[in-house]
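In: pasted the sequence and its predicted model underneath.
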Amino acid sequence: MEMTLRWYGSRFDTVTLEQIRQIPGVTGVITTLYDTAPGDVWSREQIHALKEEVEAAGLHISGIESVNVHDAIKAGTADRDRYIDNYIETLENLGKEDIHLVCYNFMPVFDWTRTELARVRPDGSTVLAYTQEAVDALHPEDMFASISGDMNGTVMPGWEPERMEHIREMFEMYQGVDDEALFANLKYFLERIMPVCREYDIRMAIHPDDPAWSVFGLPRIIVNKENILRMMKMVDDPHNGVTFCSGSYGTSLENDLPDMIRSLKGRIYFAHVRNLKFHSPTNFEEAAHLSSDGSFDMYEIMKALYDIGFDGPIRPDHGRMIWGEKAMPGYGLYDRALGAAYLNGLWEAIEKSRR
Ligand SMILES: [Mn+2]
């Protein structure tokens with residue numbers, strides 16, 4: 001595996017490449033063209049410039065997170081082919097720039113959903129948190145307003161104000177789209193992009209839905225072992241792969257994370273590893289990466305990845321906000337650096353104990 005950190009680009013991230021390079025063991029970044037909208041074509045020039053900037057800092061691009069999928073593709077509307085054509089062109093340009101990993105998700109309207117961005121923990125750190133009760137009490141159009149005050153002046157992925165202005169229209173777009181239709185739309189999209197993925201050896205790695213159940217009545221399919229295995233079979237091509245995100249699959253306590261990892265052997269191309277602390281099955285917060293701070297056994301998760309021969313990029317996921325840092329919620333430097341060091345330590349111990 002390769003330890004990496006997510007980075008939003010110098011114009012959007014409070015964390016610099018110079019800081020990332022000083023985290024022991026981190027050699028790559030997972031990045032994106034953050035000022036593009038879903039459906040835009042990424043030009044070779046833009047990608048090349050991003051690559052040069054990262055390499056000038058002594059790092060490299062380990063993968064893209066994300067190339068976002070336009071809602072027309074997810075909803076399967078009449079104009080979806082135009083957006084798929086654009087997506088293919090973006091993949092082609094990434095391939096030409098020697099980038100071979102693309103993380104994406106297939107969640108309708110909202111990206112990951114949290115009801116608090118700064119819940120205070122007993123040690124004074126703040127974290128992202130979720131309660132089903134809070135979602136049930138909210139109208140979807142008020143979701144953005146309810147959390148936007150805690151974004152520390154940043155724009156959060158999937159929660160771009162321009163998209164949030166059109167919530168009502170987006171909900172209308174998904175009328176009649178149930179889980180089966182969403183599966184069919186995903187299959188259609190994958191079948192159309194697989195040829196370009198094969199040509200440039202691009203591994204597509206789908207990110208699970210977060211939380212791993214339906215919110216606001218919208219369909220959600222990438223939520224458990226059964227569905228992700230169904231998706232792997234549905235388009236049985238090695239370029240159709242998985243981002244294993246422990247914090248997203250882990251929102252459902254019914255998911256046995258190490259077992260899921262083992263069942264996806266050979267198809268996990270990217271891993272997000274983080275811990276959650278549950279107060280009830282529908283009330284959880286993001287903890288420090290350390291096992292004892294949350295509800296997951298992080299050693300077992302890393303061991304499962306080691307056992308399947310995982311060799312892709314891995315990154316610490318959302319961190320707590322600590323030591324007075326002001327950053328995009330979940331994406332500060334300090335706690336993610338602690339997470340990277342901890343995960344590297346677990347990996348080294350597993351590796352040496354197997355010799
Ligand atoms: Mn994730």
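Out: Looks like it came in fine. Residues are numbered from 1 along each chain as shown.

In: first-to-last residue distance for stretch 199-212?
Out: Stretch 199-212 stretches 33 Å from its first residue to its last (CA to CA, to the nearest Å).

In: list the buried residues for that stretch?
Out: Tyr200, Ile202, Arg203, Met204, Ala205, Ile206, His207, Pro208, Asp209, Asp210, Pro211, Ala212 (16 or more other CB atoms under 10 Å). (Glycine included, C-beta is placed from N, CA and C.)

In: repeat for stretch 149-163
Out: For stretch 149-163, by 16+ other CB under 10 Å, it's Asp150, Met151, Asn152, Thr154, Val155, Met156, Pro157, Gly158, Trp159, Glu160, Arg163.

In: same question, stretch 338-353
Out: Within stretch 338-353, the residues that count as buried by 16+ other CB under 10 Å are Leu338, Gly339, Ala340, Ala341, Tyr342, Leu343, Asn344, Leu346, Trp347.

In: for that stretch, which outside residues touch it?
Out: Applying CB atoms under 8 Å, 6 or more residues apart in numbering, the set of residues contacting stretch 338-353 from outside is 1, 3, 5, 23-26, 273-274, 288-290, 298-299, 302-303, 306, 314-317, 319.

In: quick one on the thing from earlier: nearest to Glu45 among the buried residues of stretch 338-353?
Out: The nearest member of the buried residues of stretch 338-353 to Glu45, counting by CB to CB, is Ala340 at 31.3 Å.

In: gap between the most centrally placed residue in the chain and the ion?
Out: Nearest residue to the geometric centre of the chain (CA atoms, centre = their mean): His207, 5.2 Å. In this structure, His207 and the ion are 6 Å apart, going by CB to the ion, to the nearest Å.

In: nearest to His279, of the buried residues of stretch 338-353?
Out: The closest of the buried residues of stretch 338-353 to His279 turns out to be Gly339 (CB to CB; 21.5 Å).

In: can you tell me the closest non-neighbouring residue to that closest one?
Out: Excluding the flanking residues, the one nearest Gly339 by CB to CB, 6 or more residues apart in numbering is Pro316, at 3.0 Å.

In: for the closest residue to the ion within the stretch 251-355 of the chain, helix, strand, or coil?
Out: Minimum separation of the stretch 251-355 of the chain from the ion (CB to the ion) falls at His272, amounting to 3.6 Å. Three-state call for His272 (DSSP: H, G, I helix; E, B strand; the rest coil): strand.

In: follow-up on the earlier one: in strands, which of the contacts of stretch 338-353 appear?
Out: The strands, defined by DSSP state E, take in Met3, Leu5, Val26, Val273, Ile314, Arg315, Pro316 from the contacts of stretch 338-353.

In: nearest to Tyr83 among those?
Out: Looking across the ones in strands among the contacts of stretch 338-353 and measuring by CB to CB, the closest to Tyr83 is Arg315, at 27.6 Å.

In: and the closest residue to that closest one other than its chain neighbours, what's its pLDDT?
Out: Among residues not flanking Arg315 along the chain, Thr4 sits closest, at 4.7 Å (CB to CB, 6+ apart). Looking at Thr4, its pLDDT is 98.

In: re the thing from before, buried among the contacts of stretch 338-353? Need that as a selection in PyMOL.
Out: Listed next is the PyMOL selection for buried residues among those, using 16+ other CB under 10 Å:
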select buried, resi 1+3+5+23+26+273+274+288+289+298+302+303+306+314+315+316+317+319
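
In: what about the residue of the stretch 251-355 of the chain closest to the ion, distance to Glu285?
Out: Distance of His272 to Glu285, computed by CB to CB, to the nearest Å: 17 Å.

In: try Phe189
Out: Applying CB to CB to Phe189 and Glu285 gives a distance of 33 Å.

In: what comes into contact with stretch 22-35?
Out: Contacts to stretch 22-35, defined as CB under 8 Å, 6+ apart, come from residues 2-9, 11-12, 17, 20, 42, 46-47, 50, 54, 59-67, 103, 155, 157, 270, 313, 315, 337, 340-341, 344.

In: now it: buried residues?
Out: In stretch 22-35, counting by 16+ other CB under 10 Å, buried: Ile23, Val26, Thr27, Gly28, Val29, Ile30, Thr31, Thr32, Leu33.
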